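*Asks:* I'll drop the sequence and a predicted model, then ask my questions.
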Amino acid sequence: MAFNVLIVDDSSTMRSVIKKIIKVSGFDVGTFLEAGDGVEALEVLQQDWVDLVLSDINMPNMNGLELIGKMGEDDMLKSIPVVMVTTEGSGEKIEKSKALGAAGYIKKPFLPEDIKMTLCNIMGEEIKDGPTDDDEPETGDF
Amino acid sequence: MDQQMMTSLKQAISSVLETMFFLPVQIVEGNNLREDWSQQDSGIWHVRVQFSGPVNGSFFLLVPAGLAREITANFLGLDEADVGSGQESDTVKEALNMIGGYALSQVEKADEYQISIPEIARAGQKDLVSMQLEPHNTISIETDENILAVGLHLD
């Protein structure tokens, strides 16, 4: 099944890289949508069908935690899984995102297999080509 | 704290530059950066990201423009000729954001740290003179043919 994925990050370069890595990972994507912050993300979510949101935490205007909070207040949006893609060292922010309803997190730096494992677990997809080493990736679903 | 933070910073540099930027990294001691960069006519990107928590301070990254172009091409999977200046600045900001976030995740009381949005400027030779680029707070990193530096200033 192909999923429509919304990538939210204030860096257009980082959005491109995340798209590239998801493509390389083999995770099945129908359409990529993009937003530069939480405010833009809510606009996209009102206009387009989105199956999954990948969001940075640290962004201007509306950060990733505020975005999850707003989505949780909306009956149409609260069921869409949100995965935090973050450089934050802070476990506190990851815990906060979980409490607000985030489905999982991916810590930068990350490898394509980290992304695929997390996204497939969250979307209930079978992982056909998993990581080959024994290292636990710095990612997870909640 | 200074020493612990510098050790975390070294781990972060290797992990981020090798994993995300496909850059072979060798940390070197005792470089004279101002001399090494004296021929960098196209300038040097200077990125800074502040952090607050049990200790306050900032991380900085200095990358010669030519190397920034190579890093950006690796990061985006583009030819160097197709890399724009906006992509270069975005990429070096993201590099320091990742390095700083990773370094802070390795120190004591990591949960209590907050990191700001990175700021960027072009640094010339004069700017380098005014910066405190000392071995105790600056890590020089040798790549194939270039040198970049990552450092720490505590408030």
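*Replies:* Arrived safely.
*Asks:* When you work out contacts or count neighbours from here on, use the C-alpha atoms and nothing else.
*Replies:* Noted.
*Asks:* Specify the beta-bridge partners of residue A:86.
*Replies:* residue A:107 (DSSP bridges).
*Asks:* Need the residue closest to the centroid of chain A.
*Replies:* Central residue check for chain A by Cα atoms, centre = their mean: the C-alpha nearest the mean position is that of residue A:54, 1.9 Å away.
*Asks:* Name the strands paired with the host helix or strand of that residue and say parallel or antiparallel.
*Replies:* If you go by DSSP states H and E, residue A:54 is part of strand A:52-55. Partner strands and pairing direction for strand A:52-55 (DSSP bridges) are strand A:3-8 (parallel), strand A:82-86 (parallel).
*Asks:* list the contacts for the residue nearest to the spatial centre of chain B?
*Replies:* Nearest residue to the geometric centre of chain B (Cα atoms, centre = their mean): residue B:61, 2.6 Å. Neighbouring residues of residue B:61 by Cα atoms under 8 Å, 6 or more residues apart in numbering or on different chains: B:45, B:46, B:47, B:48, B:92, B:96, B:148, B:149, B:150, B:151.
*Asks:* Point to the helix or strand of chain B where mean pLDDT is at its lowest.
*Replies:* Using mean pLDDT, DSSP states H and E, helix B:125-130 stands out as the lowest-scoring helix or strand of chain B, at a mean of 68.
*Asks:* where does the chain have low pLDDT?
*Replies:* All of this refers to chain A. Within chain A, the ranges that satisfy pLDDT under 70 run A:88-90, A:127-140, A:142.
*Asks:* sorry, should have said chain B
*Replies:* For chain B (pLDDT under 70), the answer is B:1, B:30-31, B:34, B:39-42, B:125-126, B:129-130.
*Asks:* now the strands: where do they sit in it?
*Replies:* For chain B, the strands defined by DSSP state E cover B:26-28, B:44-52, B:57-64, B:114-115, B:119-123, B:138-142, B:147-154.
*Asks:* Columns distance to residue A:25 on top of those, output as JSON lines?
*Replies:* Below are the strands of chain B laid out as JSON lines (distance: least, Cα to Cα, whole Å):
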{"stretch": "strand B:26-28", "distance to residue A:25": "28"}
{"stretch": "strand B:44-52", "distance to residue A:25": "30"}
{"stretch": "strand B:57-64", "distance to residue A:25": "30"}
{"stretch": "strand B:114-115", "distance to residue A:25": "29"}
{"stretch": "strand B:119-123", "distance to residue A:25": "31"}
{"stretch": "strand B:138-142", "distance to residue A:25": "30"}
{"stretch": "strand B:147-154", "distance to residue A:25": "30"}
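*Asks:* Distance from the chain centre to stretch A:70-89, please.
*Replies:* 8 Å (Cα atoms, centre = their mean, to the nearest Å).
*Asks:* Now do the strands in chain A.
*Replies:* Going by DSSP E, chain A shows strands at A:3-8, A:29-35, A:52-55, A:82-86, A:104-107, A:139-141.
*Asks:* and the gap between residue B:8 and chain A?
*Replies:* 12 Å (Cα to the nearest Cα, to the nearest Å).
*Asks:* OK, contacts around that residue?
*Replies:* Counted by Cα under 8 Å, 6+ apart, residue B:8 has contacts B:102, B:103, B:104, B:106, B:107.
*Asks:* close enough to count as contact, the last one and residue B:4?
*Replies:* It refers to residue B:107. Yes - using Cα atoms under 8 Å, residue B:107 is in contact with residue B:4, at 6.9 Å.
*Asks:* who has more neighbours, those two?
*Replies:* Shown here are residue B:107 and residue B:4; by other Cα atoms under 10 Å in any protein chain shown, residue B:107 has more neighbours (18 against 12).
*Asks:* Would you mind naming what in chain A lies close to chain B?
*Replies:* A:11-14, A:16-17, A:20, A:58-59, A:87-93, A:108-111 (Cα under 8 Å from any Cα of the partner chain).
*Asks:* Now the residue nearest to the centre of chain B. Nearest residue, chain neighbours left out?
*Replies:* Nearest non-adjacent residue to residue B:61, counting by Cα to Cα, 6 or more residues apart in numbering or on different chains: residue B:150, 4.5 Å away.
*Asks:* Thanks a lot, see you next time.
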